[in-house]
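Trainee: Fold the following and give me the result.
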Amino acid sequence: MQNAKQARIGLLTDLHYDGSAPAMNRLYEAVTRINQSGAGTLLVMGDLVNAGSAFTARRLLREVEALCGMFRGPIRYMPGNHDLDHLSKRAFYEALGRDGDVPRFHFEFGGYTFICIDANFSPGGREYDSGNFDWRESVVPEEELGWLQLRIASSPLPVIVVSHQRVDCAGTHSVENAEAVRNIIGPSGKVKAVFQGHRHEDDLKQIGGTAYYTLGAHVDAAGPAVALLDGRGVRLVRDCQSAEEVLS
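Mentor: Coordinates of the predicted model:
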């Protein structure tokens, strides 16, 4: 296992990649900087592409995979609502060349268990699929809430939860049952940080001993983020500044 005093994970969210030269250059530079940071793995947290058709979405996802593929380490992808405007979740992963990957998963890195949840469901539990949804309405289904609780309880390590949509508050960019998610996270005592995107603005909330970091959108020129996992816990660094410094 990675040494927690040295571990770094790169984080990108809300690329909204459209295939233009500026978008290509911006992503190339971001991946280059994450490589330079010494990150040992990269997590892309959703809304990878903006596309007008399924054909274009697949092409853009292949380009994103090629650019992110410059990262010198393992890469994991989460779908966001925009990625499912024209594709199913399965087709999203197939376009990335990741057949068999699933939108909710967990892995161990740097002395932590990362649990990546999938809130791309409409109220009632219907999966987002090829635009059959209103992005302002998202939930974590009951079955997945049970999965999250079990994964946290069974982890021998402290936990970091990752979600594309926000779970720290109410609003159009948050899951409708955010309180139910927090009611699993808080009482566990294990979750040290939550990383989330979707809102396009940096934010930081401390709720019940857990730091909820919302990462600004890559498409809006937010610099790449690196989470440092060491003896002091979890710290988020953006453009060589911590989130606490940026938001003060």
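Trainee: where does this structure have low pLDDT?
Mentor: Low-confidence segments of the chain, defined by pLDDT under 70, span residues 1-6, 239-248.
Trainee: Quick test: name the residue nearest the centre of it.
Mentor: Using C-alpha atoms, centre = their mean, the residue of the chain that lies closest to the mean C-alpha position is residue 45, 2.5 Å off.
Trainee: residues contacting that residue?
Mentor: Contacts were defined as C-beta atoms under 8 Å, 6 or more residues apart in numbering; by that measure residue 45 touches 11-14, 78, 80, 162, 164, 195-197, 215. Where you see a C-beta, it was placed from the backbone N, CA and C, and this is true even at glycine.
Trainee: With distance to residue 95 and neighbour count added, can I get those residues in a markdown table?
Mentor: Rendered in a markdown table, the data for those read as follows (distance: C-beta to C-beta, whole Å; neighbours: other C-beta atoms under 10 Å):
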| residue | distance to residue 95 | neighbour count |
| --- | --- | --- |
| 11 | 22 | 23 |
| 12 | 17 | 27 |
| 13 | 18 | 30 |
| 14 | 18 | 24 |
| 78 | 14 | 25 |
| 80 | 14 | 28 |
| 162 | 21 | 24 |
| 164 | 17 | 28 |
| 195 | 24 | 25 |
| 196 | 24 | 26 |
| 197 | 20 | 29 |
| 215 | 23 | 26 |
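Trainee: Would you reformat these as CSV and include distance to residue 222?
Mentor: Formatted as CSV, the entries for the contacts of residue 45 read as follows, by distance: C-beta to C-beta, whole Å:
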residue, distance to residue 222
11, 11
12, 9
13, 9
14, 8
78, 17
80, 15
162, 17
164, 15
195, 13
196, 14
197, 10
215, 7
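Trainee: I'd like to know which of those are part of strands.
Mentor: With strands defined by DSSP state E, the entries of the contacts of residue 45 inside them are 11-12, 162, 195-196.
Trainee: that older thread, look up how far residue 156 lies from the residue nearest to the centre of the chain.
Mentor: The span separating residue 45 from residue 156 equals 25 Å under the rule C-beta to C-beta, to the nearest Å.
Trainee: quick revisit: of all the ones in strands among the contacts of residue 45, which two lie farthest apart?
Mentor: The most widely separated members of the ones in strands among the contacts of residue 45, counting by C-beta to C-beta, are 12 and 196 (13.1 Å).
Trainee: wait, doesn't residue 92 sit right on residue 79?
Mentor: Yes - under the criterion of C-beta atoms under 8 Å, residue 92 makes contact with residue 79 at 4.9 Å.
Trainee: shared neighbours of those two, which are they?
Mentor: Here residue 92 and residue 79 share the contacting residues residue 103, scored by C-beta under 8 Å, 6+ apart.
Trainee: Which of the helices or strands spans residue 140?
Mentor: Using DSSP states H and E, residue 140 sits in no helix or strand.
Trainee: Stretch 160-177 spans what distance, first to last residue?
Mentor: Its first and final residues considered, stretch 160-177 spans 19 Å by C-alpha to C-alpha, to the nearest Å.
Trainee: nearest spatial neighbour of residue 67, skipping sequence neighbours?
Mentor: Distance criterion C-beta to C-beta, 6 or more residues apart in numbering; nearest residue to residue 67, sequence neighbours excluded, is residue 27 at 4.7 Å.
Trainee: Relative to residue 21, how far out is that neighbour?
Mentor: Residue 27 sits 11 Å away from residue 21 when distances are taken as C-beta to C-beta.
Trainee: Alright, calling it a day.
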